[in-house]
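Visitor: return atomic coordinates for the entry below.
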Amino acid sequence: MTFARGGVPSVDEIRRDLRRFNFFAQYVGNPGEGDIYVDTHARRFHETLRRLPSFPHPPAVLELGGIPYSMSILLRTCYGAALDTISFYEVETAAASSHELVSADGTERHLFDVRSINVERDLFPFDDGRFDLVMCCEILEHLLINPSHMFYEAHRVLKPGGFIFVSTPNVLRAANIRALQEGRNIYDAYHGNGVYGRHNREFTPVEVGALLQSCGFAVLDNSTVDVYEPTRTARSAGDEDTIMTLAKTAAPRRYGLPQGLYVLIDEFRNITRPAISMGVDEIGHLGPGWYDAEVEPEAASRWMGRQATLFLNARGATRVGFVAQAHHPGIETSQVHVEVFVAQRLIGAVQVGDGAWHTYELSVPGAPMDGPIEVRFAVSRTWRPSDVSGGDDTRDLGIRIRTCWCR
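Guide: Predicted coordinates:
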């Protein structure tokens, strides 16, 4: 690149230098698309680089949706970043294990590992606390079901105090307002590149901030900027075309479900984890029988009714465990009998005889389990808070559970 490492290149510098690397020519067979892509997004790249935090050392960076690697090259050149990338939707799945971009004059090469996952369903293939920065540019608007999964995983792989940068189209942009006023539809056309090829839902700045905060991030900057109509003069506050948000890890990570963005999410099934914590990361793992999560200072939990089901990804496990409490009237003299079933087979039972939290673990007979398993709890008796203290809480409560795991 022609600009110094550590500096923010101008739009023209970005446009000129990125044209030297054409992913579309090398891997798609359409060189013209590469030039159009760079010309269209050069100002967005510039505005993104202007908003990124400084680091005292070359940062470890995870870029979601790296292809066609334009931002990847800028991150390496401007930051000296130790970079990992993830592709995020199905048409990018490829037999190749890496992509190598070579400059037009052959003097510069960039090698990128190919990791194709679904960022709203799969676990990121990295250990906890690995990265200083996660880049999530122009991804959020493509997701279909559960963006909180992506933000939860981003929080997990970030170091304490690590940063996430999000850019996404602003649904309140002036072009959309004009389209609606003229009777035109603002939704994307159907797309030949599969269900993730189009914008499935665009966001307001408030919604982006709420999503990040609900997943344990502190928002540092949440602003809008025109990157596709930079010369537009008639402006109203917040009607620029792109939202750019910088946040950092703050509260403990969790699946946040901001009101207004989710409905019936408990019916979503996504069995990825061998262990879950109620009120934290159980979304996609719960079956029927659970009441709403209750968050307390020490931990969150869920009450079950007479029976409740959850799902875990066993991964060769031979034991199932859980942390639970009973609160039945008279429990000191009449214990609660809890049966535990795995794949419809009774593997054992425990007796809960006081109101304290206890850890239980049972062996699962037979060969080690593999893949998703169903775990079902059944209690010998329930109780109603309204029968004890009056009021209108008529839930039939069995036991409440904080965590459940297989290992």
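
Visitor: state the distance from the closest residue in space to Gly80 that isn't next to it in sequence to Thr77.
Guide: Nearest in space to Gly80, with sequence neighbours left out and distances taken as CB to CB, 6 or more residues apart in numbering, is Pro58 at 3.9 Å. Just so you know, the C-beta spots here come from the backbone N, C-alpha and C atoms, and that holds for glycine as well. Here Pro58 is placed at a distance of 11 Å from Thr77 (CB to CB, to the nearest Å).

Visitor: quick one: which of the two has more around it?
Guide: Thr77 (20 against 14; other CB atoms under 10 Å).

Visitor: what does the helix or strand that the more buried one is a member of contact?
Guide: Thr77 is part of helix 70-79 when elements are defined by DSSP states H and E. Helix 70-79 is contacted from outside by 1, 3, 5-9, 14, 18, 21, 23, 37-38, 41, 45, 48-49, 52, 55, 58-59, 61, 63, 66, 81, 83, 85, 101, 110, 112, 135, 137, using CB atoms under 8 Å, 6 or more residues apart in numbering.

Visitor: show me the residues you listed that map onto helices.
Guide: Of these, the ones assigned to helices by DSSP state H are 14, 18, 23, 37-38, 41, 45, 48-49.

Visitor: between which two of these is the distance greatest?
Guide: Phe23 and Leu49 (19.3 Å; CB to CB).

Visitor: more crowded one of these two?
Guide: Phe23 (21 against 18).

Visitor: what residues are up against the nearest residue to that one once chain neighbours are set aside?
Guide: Leaving aside its sequence neighbours, Phe23 sits nearest to Pro68 (CB to CB, 6+ apart; 3.5 Å). For Pro68, the contact set (CB under 8 Å, 6+ apart) comprises 23-24, 34, 37.

Visitor: which of those residues sits closest to Ile347?
Guide: Phe23 (51.3 Å).

Visitor: okay, the closest one: pLDDT?
Guide: Phe23 carries a pLDDT score of 91 in this model.

Visitor: sorry, back to before: host element of the residue nearest to Phe23?
Guide: Using DSSP H and E, Pro68 falls outside every helix and strand.

Visitor: over to Ile347?
Guide: strand 345-352.

Visitor: now the next helix or strand after that strand against strand 345-352, angle please.
Guide: As assigned by DSSP H and E, the chain's next helix or strand after strand 345-352 is strand 358-363. Per axes from the mean of the first three to the mean of the last three CA atoms, to 10 degrees, the angle that strand 358-363 makes with strand 345-352 is 160 degrees.
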